[in-house]
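> Structure, please.
(one chain, ligands or ions: 2)
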Amino acid sequence: MASPKKRLQGLVAATITPMTEHGEINFSVIGQYVDYLVEKQGVKNIFVNGTTGEGLSLSVSERRQVAEAWVTKGRNKLDQVVIHVGALSLKESQELARHAAEIGADGIAVIAPFFLKPWNKDVLINFLREVAAAAPALPFYYYHVPALTGVKIRAEELLDGIQEKIPTFQGLKFSDTDLLDFGQCVDQHRQRQFAFLFGVDEQLLSALVMGATGAVGSTYNYLGKKTNQMLEAFERKDFSSALNCQFCIQRFINFVIKLGFGVSQTKAIMTLVSGIPMGPPRLPLQKASREFTDNVKAKLKSLDFLSCTD
Ligand SMILES: CC(=O)N[C@H](C=O)[C@@H](O)[C@H](O)[C@H](O)CO
Ligand SMILES: CC(=O)C(=O)O
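Ligands and ions are numbered 1, 2, ... in the order given. Coordinates of the predicted model:
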């Protein structure tokens, strides 16, 4: 059984993997990065080696080293460190799951294999179960991201009876805009202590209404503080302030989406906002353009984003 650790809640930053200009992992800034999240953004949970961390573009050895660096640097500072261990090879995924347990991570997450795909719920569960079983003491999260994996099995369907198959199942990271599916996941499992983590940052407020218990996202690296204000307003039922916060966040995200937004751009924005060099992404991604960075710089200034207080 998974340890009855306190439920993962609140904001979870999907960490970027910092790289040098030569494309190697820049471990030297991870300590600073932890401090920045905790002190400047009020974010105390992280999700490592996911989409934003270019987890699937790293070698297994790199993934192990990155996981270890975050766990080590986060010790006594972060609440929870969840490691994404999904891979196309079940063996690799199991190796990473075992490794996450060895280094003392707080949980593991897995996406659906996306090249040779599971064609129905039972097959996907079989794969997830084998990974989860490699780390029987760690909470297990399913990372639902159909737009990227191409695996469209609805989360609601997947969750039906999942705890009988995967006893360590502890929650869902839901990166999709289908709020019917998300709402039904919450509705059908309310009595269980699952974490329902929403992954579309620009729509988080709607998911909170639908019962989200937390959120995992790329923008919490630099909009954590603002998003925490929204969570607090929601908590005290001040919905008009919460909406103001969400709109403020949407204005920024909408702006960058129109310029072309992805992991490369996240790296550039985080470098700008935090002052910590995130470096370029790894191929097949390409570095964000100078024009993008200049535009974002101007926008941040005009939104007065970092000091936006409503
Ligand atoms: C596909 C993807 O990377 N989604 C991220 C996490 O789930 C989000 O944090 C988005 O980056 C964010 O919602 C902006 O669209
Ligand atoms: C956003 C997110 O959760 C990820 O980067 O995996």
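
> How are the strands of the chain distributed by residue range?
Per DSSP state E, the chain carries strands over the ranges 10-14, 45-48, 80-84, 107-110, 140-144, 169-174, 195-198, 214-217.

> Run a quick check on residue 270 versus residue 224, I expect a contact.
No: in this structure, residue 270 is not within contact of residue 224 by C-beta atoms under 8 Å, at 11.1 Å. Glycine gets a C-beta too; all of them are placed from N, C-alpha and C.

> contacts for the lengthiest helix in the chain?
When the chain is parsed with DSSP state H, its longest helix is helix 239-259. Contacts to helix 239-259, defined as C-beta atoms under 8 Å, 6 or more residues apart in numbering, come from residues 201-202, 204-205, 208, 219, 223, 226-227, 229-230, 233-234, 261, 265, 269, 292, 295-296, 299-300, 303, 305, 308, 310.

> go again using 6 Å as the cut-off
Helix 239-259 is contacted by residues 202, 205, 223, 226, 229-230, 233-234, 292, 295, 299, 308, 310 when judged by C-beta atoms under 6 Å, 6 or more residues apart in numbering.

> And ligand 2, is it touching that?
No: using C-beta under 6 Å from any ligand atom, we find that helix 239-259 stays clear of ligand 2, coming within 12.6 Å at best.

> Same question for that helix: list its buried residues.
By 16 or more other C-beta atoms under 10 Å, the buried positions in helix 239-259 come out as 241-242, 244-246, 248-250, 252-253, 255-256.

> now do stretch 72-82
Neighbour-count burial for stretch 72-82 [16+ other C-beta under 10 Å]: 73-74, 78-82.

> for stretch 146-161, same thing?
So, applying 16+ other C-beta under 10 Å, buried residues of stretch 146-161: 146, 149, 151, 153-156, 158-159.

> From ligand 2, how far out is the closest residue to residue 202 other than its chain neighbours?
Closest residue in space to residue 202, ignoring its immediate chain neighbours: residue 253 at 4.4 Å, by C-beta to C-beta, 6 or more residues apart in numbering. Using C-beta to the nearest ligand atom, to the nearest Å, we find residue 253 at a distance of 13 Å from ligand 2.

> What of residue 40?
Taking C-beta to the nearest ligand atom as the measure, residue 40 falls 19 Å from ligand 2.

> For that residue, the count of nearby residues, please.
Residue 40: 14 surrounding residues under other C-beta atoms under 10 Å.

> Would you mind listing the residues in contact with it?
For residue 40, the contact set (C-beta under 6 Å, 6+ apart) is empty.

> Tell me how far it lies from residue 223.
11 Å (C-beta to C-beta, to the nearest Å).

> Just want the residue of the stretch 1-150 of the chain that's nearest ligand 1.
Of all residues in the stretch 1-150 of the chain, residue 51 sits closest to ligand 1, at 4.0 Å by C-beta to the nearest ligand atom.

> So residue 115 is in contact with residue 88, correct?
Yes: judged on C-beta atoms under 6 Å, residue 115 makes contact with residue 88 at a distance of 5.3 Å.

> Pull up the per-residue confidence for the nearest residue to residue 100 once chain neighbours are set aside.
Nearest residue to residue 100 in three dimensions, chain neighbours excluded: residue 83, at 4.3 Å (C-beta to C-beta, 6+ apart). Each residue has a pLDDT score; the one for residue 83 is 98.

> quick one: residue 83 from residue 169, how far?
Per C-beta to C-beta, residue 83 is found 16 Å from residue 169.

> Quickly list what the nearest residue to residue 204 once chain neighbours are set aside is bridged to.
Sequence neighbours aside, residue 215 is the residue nearest to residue 204 in space, at 5.2 Å (criterion: C-beta to C-beta, 6+ apart). Assessed by DSSP bridges, residue 215 has beta-bridge partners residue 11, residue 198.

> ok now do residue 215, which residues does it touch?
11, 197-198, 204.

> before we move on, back to that, mind checking which of residue 115 and residue 88 has more residues around it?
Between residue 115 and residue 88, counted using other C-beta under 10 Å, residue 88 has the larger neighbour count: 11 against 8.
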